[in-house]
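*Asks:* Just a sequence and a predicted model for now, questions to come.
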Amino acid sequence: GSPAQAMLFFLTDELGFTQGFLALQGVLAYCGLLLGSVLYSRYVRGVSFLRLFGACQLAAFALSLLDVLLVSRLNLRFGIPDRLFVLGSDALSTV
């Protein structure tokens, strides 16, 4: 299986997320994508490709660590409920 399949198993079988919640997660992710498009067109358009690519790679790496925080349950130590953490991290990842 792929890492995405493993994460889906964790979200549904370990955390008990329903299909409805996962659908909401997808909708919010697309809202994040829309926000990212607006931010790009307003603030990032003049940035060189190399600088933008490097910044995006660093951001993608940092955001990928959020899955590690969720699986290790560190979000609960910071007082962030699983549902809020997943929705927030997924929306941020698509921006």
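*Replies:* Received the coordinates, thanks.
*Asks:* Where does pLDDT dip in the protein?
*Replies:* The model of the chain has pLDDT under 70 over residues 95.
*Asks:* any chance you could map the helices in it?
*Replies:* According to DSSP state H, the chain carries its helices in the segments 3-9, 19-39, 49-71, 74-77, 82-94.
*Asks:* now those helices in CSV, with mean neighbour count?
*Replies:* (Each C-beta comes from the backbone N, C-alpha and C, glycine too.) CSV is the format used below for the helices of the chain (neighbours: other C-beta atoms under 10 Å):
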stretch, mean neighbour count
helix 3-9, 11
helix 19-39, 13
helix 49-71, 12
helix 74-77, 14
helix 82-94, 17
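*Asks:* Do I have it right that residue 32 meets residue 94?
*Replies:* Yes. Using C-beta atoms under 8 Å, residue 32 is in contact with residue 94, at 3.9 Å.
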